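Engineer: Need a 3D model of the following:
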Amino acid sequence: MRYDDESKQYLRIALESMGKYGLTTTPVNYSVWYEYASGKNNALNAAIYKHLEEKQSFSESLCQALYDQFIVGGKEKVTTLVREELKKVFTEIIGAIQTTRQNFSQSENNLGSIGEAIVPNLSETDVEKIVEQIKSEIKRLELTSSSFKKQLQQATHEIDQLKNKMQQYRNEALLDPLTRITNRRGFEKSLQQAINNANQTATDLCLIMADIDHFKQINDTHGHLVGDNVLRMIASTIKSSIKGKDHAARIGGEEFAIILPQTPFNGAMRLADNLRQTFESLDLKKKNTGESLGRITLSFGVAIYRQKEAADDFVHRADEALYQSKETGRNKVTGHES
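Structural biologist: Numbers count the residues shown, from 1 in each chain. As a prediction, the model looks like this:
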């Protein structure tokens, strides 16, 4: 897909979707369905897919809720959660310090009083009494120290758990919720890392872009549930076909990418064609009825990285090769070597 065509296609899909579900063309509805058409807001798309599994209608209020959750407020959700948990841990630590300080201050006062009682000519009974008082204060200090240590250990444990949660959030943010492979954000991050490495080591780096041919017909004919299963199947097949440092991603509605570090151009072309033949030969059927879905094919574009090339330019060349495959008959592999 060429970048100058993307916005037009997203606009068309957004308007078609709003018309299909009888929604008015308000800014909120348009934002939701344009975002859905772009395929870049995975959480939003997952929520829409889930709703479509249960119902075949959309209301204005539902669009508003989706807009509030996934377009306006989604970016703040993790930050707010982490902030609130940090505040809780911080409050616990401050409380432990204050309690410990009060206990130490009390012991300091008690020991000061005991010290003032140590005067000449003490009787044996007085000495024994003072010794017991000192032992009692030492025990009190030991308990205070032990309690404070446990509270700090608990706080450390909670902070470690929070760090793990944050890492999980970061990992989830880079995954496509439908196919469980990397989403566009994760793809861009991995691609930049691969480019940096290719520049540093002067090794080959190739990129494959793939797009399902006539995917809209699959959704229109068989429904979104079948379309989702096709996407999952394709993602799984691509993921099982790569190895090592190779990286697969779903970067749009029906568009996938494969990053191939340390891979020569002919190797990338061979992998793309092997995938093309694999998908072409599949005979997919509906589980519940056995009805054939017809032949499902993919078009591919392949590019090899040029030293010091910007990521956007690299992706654009692979995308142009994919566009050539689409324009010249689909179910093809086109390369952009230089």
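Engineer: Which of the three states applies to L260?
Structural biologist: Per DSSP: H, G, I helix; E, B strand; the rest coil, the secondary structure class of L260 is strand.
Engineer: Now do it: how many residues are near it, please.
Structural biologist: Neighbourhood size, L260 [other CB atoms under 10 Å]: 25. To be clear about C-beta, it is placed using only N, CA and C from the backbone, and glycine gets the same treatment.
Engineer: and what of I134?
Structural biologist: Neighbours of I134 (other CB under 10 Å): 15.
Engineer: Which strand or helix spans it?
Structural biologist: In this assignment (DSSP states H and E), I134 forms part of helix 124-173.
Engineer: Could you pull up the mean pLDDT of that helix?
Structural biologist: Mean pLDDT, computed over helix 124-173, is 80.
Engineer: For the helix or strand following it, what is the distance to the chain centroid?
Structural biologist: Of the helices and strands lying after helix 124-173 in sequence (DSSP H and E), the nearest is helix 184-201. Chain-centre distance of helix 184-201: 17 Å, with CA atoms, centre = their mean, to the nearest Å.
Engineer: Mind listing what's buried along helix 184-201?
Structural biologist: Under the neighbour-count criterion of 16 or more other CB atoms under 10 Å, helix 184-201 has R184, R185, G186, F187, E188, S190, L191, A194, I195, A198 buried.
Engineer: Neighbours of the closest residue to the first one other than its chain neighbours, how many?
Structural biologist: With CB to CB, 6 or more residues apart in numbering as the criterion, R184 has its nearest non-adjacent residue at 4.4 Å, and that residue is I251. Here the count is done by other CB under 10 Å, and I251 has 23 residues near it.
Engineer: you'd agree I251 is up against N183?
Structural biologist: Yes: I251 lies in contact with N183 (CB atoms under 8 Å); the separation is 7.4 Å.
Engineer: was I right about T263 contacting T203?
Structural biologist: No: counting by CB under 8 Å, T263 does not reach T203; the two are 9.0 Å apart.
Engineer: okay, the two: which has more neighbours?
Structural biologist: Taking other CB under 10 Å, T263 and T203 do not tie; T263 has more neighbours (23 against 14).
Engineer: Including pLDDT, could the buried residues of helix 184-201 go into CSV?
Structural biologist: Listed next are the buried residues of helix 184-201 as CSV, based on pLDDT from 0 to 100:
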residue, pLDDT
R184, 89
R185, 87
G186, 90
F187, 94
E188, 93
S190, 95
L191, 96
A194, 97
I195, 97
A198, 96
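Engineer: so who does the closest residue to S38 other than its chain neighbours touch?
Structural biologist: Nearest residue to S38, sequence neighbours excluded (CB to CB, 6+ apart): Y10, at 5.1 Å. Listed by CB atoms under 8 Å, 6 or more residues apart in numbering, the contact set of Y10 reads Y34, A37, S38.
Engineer: quick one: the residue nearest to R184 from I181, how far?
Structural biologist: 10 Å (CB to CB, to the nearest Å).
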